[in-house]
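1. A structural model of the following input is requested.
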Amino acid sequence: MSETIQNRKIKFALVGCGRISNNHFGSFEVLQEDCELVAVCDIDPAALKAAVKHTGAKGYARYTDMLAETDADVIVITTPSGLHPEQAVEALEAGFHVVTEKPMATCFTDGERMVEAADKAGKRLFVVKQNRLNATLQLLKRAVAEQRFGKIYMVHLNVFWTRPQSYYDQGGGWRGTWKMDGGAFMNQASHYVDLMEWLIGPVAEVQAMIATHRKIEAEDTGVMNLRWRDGTLGSMAVTMCTYPKNLEGSITILGETGTVRIGGMAVNEIQEWNFADGRDYDEQVKTANYETTSVYGFGHPLYYQNVVDVLRGKAEPIVDGREGLKSLELINAAYLSAHNRQTVSLPLVLQSLRTFDHSDCPKGSPFHTQSKESS
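-> Have a look, this model is predicted:
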């Protein structure tokens, strides 16, 4: 990797001044002793003007112009998901580190291309998975790591949120498309898919079904059954059609010697915490819960603190490109399963995609792209 950054602020430039960008702007404000936002970019003049006014950073209407002129150390990508691979590779090849919002790409092979570009350039590729840093999930991760559940029998996740048609219609029509966004698994629930790998481990098999109720290409509702490599069984239920507002984002783990349920709107409330043994940090359960009106939680500043520490040579990345590939692979496998009505084994890179019938796969979807490459 390239040399660490010492004795000055780390400079960031951000492309994509839409909905999620404010979480990044807020993080830079919290970490202003270490971070400086020097440039912002958006093709929407109104969004760009608002971002420049809010941040004081230099504005660019063209991404290539920003890359050519900025003295930033890191390019932050918060554009529609389908743009992430090309923009990340372009930035990496130009000599910048990259922070990309989730999902890192909509197609697993594009994600692999991003990782390869970072390796070749000797630069860092960070994938934002800020939910891992929520206090509730940090406690759960510790309990799993310490094997307090004994043998884990069952894992279940719910994401019952609402995204009305007006949400999908805004922003130029890219939302809910296969090529630029993906559906509920890929976009809204990707953090929860990430929890299944991060907490429990590698998945061996997935079966999925999806449905679409809004006027979009991809799914707004889906279910997934999983078998982990260690034999654990689990499931996930996701919908963006909850009436009348976001209801629940939860994970439940049932084990031989432990039961935990973390719920609330966005895994922000520890509702059950029962183990056969006691530990000193069990008292923290009472203070880990937090109120939130946002499904994003409060992890972005903590995530950026890790980015700073990595670039200063003080830490390893919490979620780098290879870590980001894990949930992307699982989502692609779920889509493949749903559209071929078959159980899909992981890892995808070790199976021949020629064994699946891709003739009915929607154009622009990740498995459609893969079918062309493997035909």
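2. top helix in the chain by residue count?
-> Longest helix in the chain, counting residues (DSSP state H): helix 321-340.
3. may I have it as CSV, with CA atoms only?
-> Output of helix 321-340 as CSV, limited to C-alpha atoms (Å, rounded to 0.1, in the frame of the first residue of the first chain):
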residue,chain,number,x,y,z
GLY,A,321,-13.3,-4.3,-0.9
ARG,A,322,-12.8,-8.0,-0.2
GLU,A,323,-15.1,-7.8,2.8
GLY,A,324,-17.7,-5.9,0.7
LEU,A,325,-17.7,-8.7,-1.9
LYS,A,326,-19.1,-11.2,0.6
SER,A,327,-22.6,-9.6,0.9
LEU,A,328,-22.6,-8.7,-2.8
GLU,A,329,-21.9,-12.4,-3.7
LEU,A,330,-24.7,-13.5,-1.4
ILE,A,331,-27.2,-11.1,-2.9
ASN,A,332,-26.2,-12.1,-6.5
ALA,A,333,-26.7,-15.7,-5.4
ALA,A,334,-30.1,-15.0,-4.0
TYR,A,335,-31.2,-13.3,-7.3
LEU,A,336,-29.8,-16.2,-9.3
SER,A,337,-31.8,-18.6,-7.1
ALA,A,338,-35.0,-16.6,-7.3
HIS,A,339,-34.9,-16.3,-11.1
ASN,A,340,-33.9,-19.9,-11.8
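4. any figure for the gap between residue 139 and residue 288?
-> Look at residue 139 and residue 288: by Cβ to Cβ, to the nearest Å, they are 6 Å apart. All C-beta spots, glycine's among them, are computed from the backbone N, C-alpha and C.
5. okay, and the common contacts of these two?
-> residue 270 (Cβ atoms under 8 Å, 6 or more residues apart in numbering).
6. measure how far stretch 56-67 is from the centre of its chain, please.
-> Offset of stretch 56-67 from its chain centre (Cα atoms, centre = their mean, to the nearest Å): 25 Å.
7. going forward, begin numbering at 17 instead of 1
-> Done: numbering now begins at 17, and the last item shifts to stretch 72-83.
8. so how far is residue 144 from the spatially closest residue to residue 276 that is not a sequence neighbour?
-> What sits nearest to residue 276 in space, not counting adjacent residues and going by Cβ to Cβ, 6 or more residues apart in numbering, is residue 269, at 5.1 Å. According to Cβ to Cβ, residue 269 stands 24 Å off from residue 144.
9. spatially central residue in the protein, please.
-> By Cα atoms, centre = their mean, the mean C-alpha position of the chain lies nearest to residue 118, the distance being 3.4 Å.
10. in three-state terms, how would it be classified?
-> Look at residue 118: counting by DSSP: H, G, I helix; E, B strand; the rest coil, its state is coil.
11. that one and residue 148 touch, don't they?
-> No: with contact defined as Cβ atoms under 8 Å, residue 118 does not reach residue 148; the gap is 11.2 Å.
12. if we can go back for a sec, in the longest helix of the chain, which of the residues would be classed as buried?
-> 337, 339-356 (16 or more other Cβ atoms under 10 Å).
13. and if you look at stretch 162-175?
-> Buried-residue list, stretch 162-175, by 16+ other Cβ under 10 Å: 164-165, 168, 171, 173-175.
14. ok, so of the residues you listed, who is nearest residue 62?
-> Checking the buried residues of stretch 162-175 against residue 62 with Cβ to Cβ, the nearest one is residue 175 at 30.9 Å.
15. beta partners for that closest one?
-> residue 254, residue 265 (DSSP bridges).
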